[in-house]
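[1] what would the 3D arrangement of this be:
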Amino acid sequence: MNLKEKLEKRVFSLVGATADSLGRECYVVGGYVRDLIIGRSSKDIDFVTVGSGIELAEAVAAAIGPKTHIAVYRTYGTAQVHDRDLELEFVGARKESYRRDSRNPIVEDGTLTDDLSRRDFTINAMAVSVNGDSFGELIDMFGGMEDIERRIIRTPLDPDITFSDDPLRMMRAIRFATQLQFKIFPETFEAIRRNAHRIEIITPERIKDELCKIMRSPKPSIGWDLLHHSGLLKLILPELEALSGVEVVKGRGHKDNFYHTLTVLDTVAERSDKEWLRWAALFHDIAKPRTKRYDPETGWTFHNHNFVGSKMVPKIFTRLRLPLGAEMRYVKKLVELHMRPIALIEEEVTDSAVRRLMNYAEEDLADLMLLARADITSKNEAKKQRFLENFDIVEEKFKDIEAKDFERNRKNPVDGNEIMHIFGLHQSPLVGYFTKNLKQAIKDCEIEETREAALAYLYALAEKAGVPVVNPPED
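    Below is the predicted model of the structure:
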């Protein structure tokens, strides 16, 4: 592979020439090199120099132009330079050592070998020179190129030390395996299993960041399955771990709700890149372990798991440091409503029942239906097809009712002006009270959408409010 041709000449030539002018070695390292080889785009470029990274960054910023933005972090010995839409980060080569109770390393100046040795995985431990006399030369001390070709996630050094030193790397291994759809090397994965308990020293915010990256991946089930088998899931999200397994009583079992959930999640992910819809899919059956009961006549039941699950969502979001605003309310709502479309198709599909669902779901109706369709995972193809066809009928009902409501909202059977005339009212909140309740009664199918039914409803409403009929209509 000719990396020299793949490098963006303007940026890398400029950085290399600046390093040469200072008499410094300089290399592109880490994720950018990995993505360059794989063919993924990246706007963040990390450079390592043997010496002061800040000094090189300042020289590069000056070479780009006087208005170039540079951010210096002297505590960490790093600096960032913004060049058009690229973010260039510079750091001096270093070596690290760790204390048992912290993932924050003790950092010392080091060589390029030291710097690459401290990195998490072989695919992230490669460097490419940008110096003039060796421009584009790959330094691959740990077989990262071969591991990319084999689609393997592996640590460059002893995995037990790698994960014990910085337990977040266990999450990163699983995240990379999910994003890239690589396999974790057996020895590396066994080390994750042995060191899973060390995740307890990692802050919830850092764990949350990795989980969200897993959720945004093309096939997020890969990550959740690896978290399950590694022993990390029971420490991070025990409610999801509790879904795993099948209980059998008198020869009657139920489906494995953990793998059902992962199937639903992947089906949603195939059809939508909405991250919070994916979280709703992950949590839609979260309360099944708490609501599971065995009935000798009907077998296994999970009554009200949707309602119980919706109440669990805020607590889980709080613990995982997920956002507690609109995103949490959206997930909570979909978890609560996810059984409604299925219940609807098992009964007669009436306008009033469909309208009630539309009113509950509001602008999230399409997402709810996508989740409901994904939730049909029966291996009985005929049964699955029947459910999906019934969903088609329900969605046609949505369109019909929306069309009817549009026509109805254009002109109510009795409008505000006529209400004022009938009851002798001036423009006031009371008129709004009558019109709003009339519109809602028609929308909820409490009364027919005829003038006669509307007048009868208004008279009854007026009687309760103590408002006399002053000018009854002649018709």
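
[2] list the buried residues in the lengthiest helix in the chain.
    For the chain, the longest helix by residue count, based on DSSP state H, is helix 381-410. Judged by neighbour count using 16 or more other CB atoms under 10 Å, the buried positions of helix 381-410 are 387, 390-391, 394-395, 397-398, 401, 405. Just so you know, the C-beta spots here come from the backbone N, C-alpha and C atoms, and that holds for glycine as well.

[3] cool, stretch 47-56 as well?
    Buried positions in stretch 47-56, judged by neighbour count with 16+ other CB under 10 Å: 47-54, 56.

[4] farthest-apart pair in the residues you listed, please.
    Pairwise distances across those (CB to CB) peak at 13.8 Å, for the pair Val50 and Ile54.

[5] show residues contacting stretch 458-474.
    Among residues not part of stretch 458-474, those counted as contacts by CB atoms under 8 Å, 6 or more residues apart in numbering are 414, 418-419, 421-425, 430, 433-434, 437-438, 455.

[6] by pLDDT, give me the weakest of those residues.
    Within the set of the contacts of stretch 458-474, pLDDT is lowest for Val414 (81).

[7] three-state assignment of it?
    Secondary structure of Val414, reduced to three states by DSSP: H, G, I helix; E, B strand; the rest coil: coil.

[8] quick one on the thing from earlier: include pLDDT when you put the buried residues of stretch 47-56 into CSV, please.
    Written out in CSV, the entries for the buried residues of stretch 47-56 read as follows (pLDDT from 0 to 100):
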residue, pLDDT
Phe47, 95
Val48, 94
Thr49, 93
Val50, 89
Gly51, 88
Ser52, 90
Gly53, 90
Ile54, 92
Leu56, 94
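
[9] from the buried residues of helix 381-410, which is closest to Gly30?
    Phe391 (46.4 Å).

[10] what is the burial count for the residue nearest to that closest one when sequence neighbours are not counted?
    In this structure, Phe391 finds its nearest non-sequential neighbour in Arg373, 5.8 Å apart by CB to CB, 6 or more residues apart in numbering. A total of 19 residues lie near Arg373 under the criterion other CB atoms under 10 Å.

[11] next: Arg169.
    Residues near Arg169, counting by other CB under 10 Å, number 25.

[12] now do the SS call for it.
    Taking three-state DSSP as the rule, one finds Arg169 in the helix state.

[13] do His421 as well
    In the three-state summary, His421 is assigned as helix, counting by three-state DSSP.

[14] any idea how far the nearest residue to it once chain neighbours are set aside is from Ile422?
    Spatial nearest neighbour of His421, chain neighbours left out: Asn471 (5.4 Å); criterion: CB to CB, 6+ apart. Distance check for Asn471 against Ile422: by CB to CB, to the nearest Å, it reads 6 Å.

[15] same check, this time on Phe302
    Phe302 sits 52 Å away from Ile422, taking CB to CB as the criterion.

[16] over to Leu235?
    67 Å.

[17] out of these two, which sits in the more crowded spot?
    Ile422 (21 against 16).

[18] roughly how far does that one sit from Glu448?
    Counting by CB to CB - Ile422 and Glu448 are separated by 19 Å.

[19] touching, Leu180 and Arg150? I think so.
    No: at 11.9 Å, Leu180 does not count as touching Arg150 under the criterion of CB atoms under 8 Å.

[20] those two: which has the busier surroundings?
    Using other CB under 10 Å as the criterion, Leu180 and Arg150 rank with Leu180 on top: 19 against 12.

[21] now for the more buried one: which residues touch it?
    Contacts here follow CB under 8 Å, 6+ apart; on that basis Leu180 touches 38, 151, 153.

[22] skip the chain neighbours and tell me the closest residue to the first one.
    Taking CB to CB, 6+ apart as the measure, Ile38 lies nearest to Ile148, with 6.4 Å between them; neighbours along the chain are not counted.

[23] from what I see, that neighbour and Ile123 are in contact.
    Yes: checked against CB under 8 Å, the pair Ile148 and Ile123 is within contact range at 5.5 Å.

[24] neighbour-wise, which of these two wins?
    Residue environment comparison for Ile148 versus Ile123 gives the larger neighbour count to Ile123, 30 against 19, counting by other CB under 10 Å.

[25] check contacts around the more buried one.
    Residues in contact with Ile123 (CB under 8 Å, 6+ apart) are 34, 144, 147-148, 153, 176, 182.

[26] same check on Thr435?
    With contacts taken as CB under 8 Å, 6+ apart, Thr435 has the following neighbours: 412, 415-416, 419.

[27] same thing but at 10 Å, please
    Contacts for Thr435 (CB atoms under 10 Å, 6 or more residues apart in numbering) come out as 412, 414-416, 419-420, 458.

[28] now Ala366
    With CB under 10 Å, 6+ apart as the criterion, the residues that contact Ala366 are 272, 277, 395, 398.

[29] how about a cut-off of 8 Å?
    Neighbour list for Ala366: empty [criterion: CB under 8 Å, 6+ apart].

[30] next: Glu247.
    For Glu247, the contacting residues are 253-254, 292, 294, 300, taking CB under 8 Å, 6+ apart as the criterion.

[31] which among the residues you listed end up buried?
    The neighbour count (16+ other CB under 10 Å) marks 254, 292, 300 as buried among these.

[32] any idea how far the first one lies from Arg293?
    Taking CB to CB as the measure, His254 falls 11 Å from Arg293.

[33] list residues touching both of the two?
    Trp300.

[34] quick check, the residue nearest to His421 in a helix?
    No: read with three-state DSSP, Asn471 is coil and lies in no helix.

[35] how about it, phi and psi?
    For Asn471, the backbone dihedrals are phi -130, psi 80 (criterion: degrees, to the nearest 10).

[36] any regions of the chain where pLDDT drops low?
    Per-residue confidence for the chain (pLDDT under 70) gives these ranges: 1-9, 96-108, 346-349, 403-411, 475.

[37] what ranges does it have for its strands?
    For the chain, the strands defined by DSSP state E cover 26-29, 44-49, 69-73, 78-83, 86-92, 94-97, 106-109, 127-129, 138-139, 152-153, 183-184, 293-295, 299-301.

[38] now the second one - C-alpha only, PDB.
    As requested, the backbone C-alpha atoms of strand 44-49 are provided in PDB (Å, rounded to 0.1, in the frame of the first residue of the first chain):
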ATOM      1  CA  ASP A  44      -8.900  14.600  13.200                       C
ATOM      2  CA  ILE A  45      -5.200  14.100  12.700                       C
ATOM      3  CA  ASP A  46      -2.800  13.300  15.500                       C
ATOM      4  CA  PHE A  47       0.900  14.000  15.200                       C
ATOM      5  CA  VAL A  48       3.700  12.800  17.500                       C
ATOM      6  CA  THR A  49       7.100  14.500  17.500                       C
END
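
[39] what's the span of stretch 401-420 from first residue to last?
    Between the opening and closing residues of stretch 401-420 lies a distance of 29 Å (CA to CA, to the nearest Å).

[40] what sits against Ala280?
    Applying CB under 8 Å, 6+ apart as the definition, the contact partners of Ala280 turn out to be 330-331, 334-335, 338, 367, 371.
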